[in-house]
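**Q** predicted model, plus sequence, below.
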Amino acid sequence: ADYDLSGNIYMLNVDLEIISNGIAYHRLSLGHNFAGNATQEYAKVKEGTDIDQAHASYRVGVMNLSSFTGDFSLWTGLGWQATKMTSKALTGLEPEITRMHYMYVPFGIELALHHAASSYWVIGSEYRLVMRGWEKYQTLDASHPQQTDMLAYSAWVGMDYITTNKRALTARLSFDQWKVDSAMEDEIAGSNLKLINFELGVRF
């Protein structure tokens, strides 16, 4: 209940997509941070910490590209997200590690509307039905808390620009939340993880 983490991470994300029969598609998404900095506070003591963030997901969906001057897509699938915080221990001491892992089923929608020339506004959201969460905190032994309720979702806005060689330059600003409420018998308090993301990419 007294633990707080804040920081910045820089991630590399790769999506592989296969489109079949004109409207259906399959997408594999992978991501891991390559740099970051963070500060954790526990029992009113602040210290620097190393943070690792990773995700992997498979989504299957359908898209409509012809009904109006834009397109939309719907999808579901299976995903995994993990966050690990490692304290910078003093010489001779083992570092303390906090982990939060979530396995989830996504349900999402994205809408793209033509803006001007070769640019499109994009807006989307995804509800994530968390199937299982694993949490391990520095000073506690329990690793599978008795969660009474879990809420996870993502929402984003952005813009796509289609180049003359059919590449797309993409920009997204998104907000993610992962919230876990603990049961009365649970020795681990609930957690609330919030992420604000700014993403730049190229779609081939």
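**A** Structure received. Residues are numbered from 1 along each chain as shown.

**Q** tally of neighbours for Gly124?
**A** Neighbourhood size, Gly124 [other Cβ atoms under 10 Å]: 18. Every C-beta, even on glycine, is put in place using the N, C-alpha and C of the backbone.

**Q** actually Gln40, not the one I wrote
**A** Gln40 has 22 nearby residues by other Cβ under 10 Å.

**Q** what is the neighbour count of Phe72?
**A** Neighbours of Phe72 using other Cβ under 10 Å come to 17.

**Q** swap in Ile51?
**A** With other Cβ under 10 Å as criterion, Ile51 counts 19.

**Q** surely it is in contact with Leu5?
**A** Yes: assessed by Cβ atoms under 8 Å, Ile51 is found in contact with Leu5 at 7.5 Å.

**Q** what sits in contact with each of those two?
**A** Here Ile51 and Leu5 share the contacting residues Ala38, Met85, scored by Cβ atoms under 8 Å, 6 or more residues apart in numbering.

**Q** quick check: which ranges of the chain have low pLDDT?
**A** 1, 66-69, 89-92, 138-148, 183-188 (pLDDT under 70).

**Q** what's across from the residue nearest to Thr163 when sequence neighbours are not counted in the sheet?
**A** Spatially, and ignoring its direct neighbours in sequence, Thr163 is nearest to Leu169 (6.7 Å; Cβ to Cβ, 6 or more residues apart in numbering). Beta-bridge partners recorded for Leu169 (DSSP bridges): Tyr161, Val202.

**Q** residue numbering should commence at 341 henceforth.
**A** From this message on, residue numbering opens at 341, which makes the last subject Leu509.

**Q** tell me the spacing between Leu509 and Tyr365.
**A** The gap separating Leu509 from Tyr365 is 20 Å, by Cβ to Cβ, to the nearest Å.

**Q** what's the answer for Leu345, then?
**A** Using Cβ to Cβ, Leu345 is found at 35 Å from Tyr365.

**Q** before we move on, what about Ala511?
**A** For Ala511 relative to Tyr365 (Cβ to Cβ), the value is 21 Å.

**Q** just the element for Asp489, please.
**A** Here Asp489, judged by DSSP states H and E, is contained in strand 487-502.

**Q** which other helices and strands does that strand contact?
**A** With contacts taken as 3 or more Cβ pairs under 8 Å, 6 or more residues apart in numbering; DSSP states H and E, strand 487-502 sits against strand 437-456, strand 459-476, strand 508-522, strand 531-543.
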